[in-house]
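**Q** below are the sequence and a predicted model for it; my questions follow.
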Amino acid sequence: MHVNNDPDFFGGAAGLVYQTNHLVLHIHFVLDKITYPGWEDIRNLVQVHSLYWIHEGKGTFLTNAEHHVQAGMLVYLRPGLEMSMRSEPESPLRMTMVLFDCAEYRYEAAVWKGITPVDKLRIPFLSKYRETQAEEIGQSFLHIQQEWFSGLAAGETMALPKLQMLLHKLHQMDQPDWKVADSGAFAAFEQIKRHLEHRYKENLRIERLAAEYSISASYLRKLFIQHTGMGPKEYLNHLRNEQACRYLQFTQYPVKEIAKLCGYVEEFHFSKMFKQSNGVSPSAYRSMERGAAYAQVSET
């Protein structure tokens, strides 16, 4: 997969730290668009998230620069981004368009934490996939379109879980073997971010990872702040803290064991970092969360 690494298309940090299994969606419209030679149009509904999957043909998407698209490519447009598009005369586009709203909900310790709109998904503006990946993604878009236009009143209900699964797939899809030097600094950032998310238990050194992926530590930090709102070390601590909170809420593991499971050699260091992030010690957090859960159950 090749990604567009133009930083203008990744927006600010808002909405970038979320989990795909915590997303709630509302589909506005799904369209299997078959264009004609020389077709032109603009993005009319700009205040929603938009996915354009190119099944056939070639064309140009124009924002503040021209982006040439062809079969097997995915274009993701965050809310607020204006765009015009056109088909090549000799090879008109056929694409599936999905327009939707997206928010994140939280449910912790038997308590609903509310819904927060997601301003920007962690999907590149422009992606080109390998043949096997493209076939799988193309089928997913067709299934969403078929459910949406099934003629049933519950069409959106049927299409929503398929869109949810597609978004999860786009976030989690394994990267092919391609050289970081050929795909830019953003690809290095994505691989390092994925490395942190999958191996947060290990004794990781950000500077060593930056050198391994041929990117300067200072520029890596800039990309992390731009796309997650945190530096790489802060992001790693965030991942470890999220896991620690889950262990404290839902297991009987002693604090010393949780510290090891979250990548800390010493319990003291873990407790210090946890209190900085949550305002209370691990033991106090466990008591508070379980007390809240008990109170919630008692009220019901």
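**A** Sure thing, it's come through.
**Q** where's D101, which helix or strand?
**A** Per DSSP states H and E: D101 is located in strand 94-108.
**Q** okay, now the sheet partners of that strand, with direction.
**A** strand 23-34 (antiparallel), strand 49-56 (antiparallel), strand 111-117 (antiparallel) (DSSP bridges).
**Q** in its sheet, what does the helix or strand harbouring S87 sit against?
**A** Assessed by DSSP H and E, S87 sits inside strand 84-87. Using DSSP bridges, the strands paired with strand 84-87 are strand 40-42 (antiparallel), strand 58-62 (antiparallel).
**Q** output it as PDB, restricted to C-alpha atoms.
**A** Taking Å, rounded to 0.1, in the frame of the first residue of the first chain, the C-alpha atoms of strand 84-87 are listed here in PDB:
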ATOM      1  CA  SER A  84     -13.500  18.900  -7.100                       C
ATOM      2  CA  MET A  85     -13.100  15.900  -9.400                       C
ATOM      3  CA  ARG A  86     -13.100  14.800 -13.000                       C
ATOM      4  CA  SER A  87     -12.800  11.700 -15.100                       C
END
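**Q** need the contact partners of it.
**A** Residues from elsewhere that reach strand 84-87 (CB atoms under 8 Å, 6 or more residues apart in numbering): 35-43, 57-62, 93. Every residue, glycine included, has its C-beta placed from N, CA and C.
**Q** nearest to M288 among those residues?
**A** R43 (46.3 Å; CB to CB).
**Q** so which bits of the strand holding S87 are buried?
**A** Going by neighbour count (16 or more other CB atoms under 10 Å), the buried part of strand 84-87 is M85, R86, S87.
**Q** M165: which of those residues is nearest?
**A** M85 (26.6 Å).
**Q** for that closest one, list each beta-bridge partner.
**A** D41, F61.
**Q** equivalent analysis for the one 10 residues further on, please.
**A** Under DSSP bridges, the beta-bridge partners of M95 are K33, I54.
**Q** ok, the one 5 residues further on next?
**A** Counting by DSSP bridges, F100 forms beta bridges with I27, H49.
**Q** how near is it to Y247?
**A** 34 Å (CB to CB, to the nearest Å).
**Q** tell me which element the residue positioned nearest the centre of the chain falls in.
**A** Nearest to the centroid of the C-alpha atoms of the chain, with distances taken as CA atoms, centre = their mean, sits R122, at 3.3 Å. Under the criterion DSSP H and E, no helix or strand holds R122.
**Q** surely it meets H171?
**A** Yes: if you go by CB atoms under 8 Å, R122 and H171 touch, sitting 6.0 Å apart.
**Q** let's have the strands paired with strand 84-87 in TSV, adding mean neighbour count, distance to S277 and mean pLDDT.
**A** Below are the strands paired with strand 84-87 laid out as TSV (neighbours: other CB atoms under 10 Å; distance: least, CB to CB, whole Å; pLDDT from 0 to 100):
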stretch	mean neighbour count	distance to S277	mean pLDDT
strand 40-42	11	45	93
strand 58-62	18	41	91
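**Q** by mean pLDDT, which helix or strand of this protein comes out lowest?
**A** Ranked by mean pLDDT, DSSP states H and E, the helix or strand of the chain with the weakest confidence is helix 180-183, at a mean of 37.
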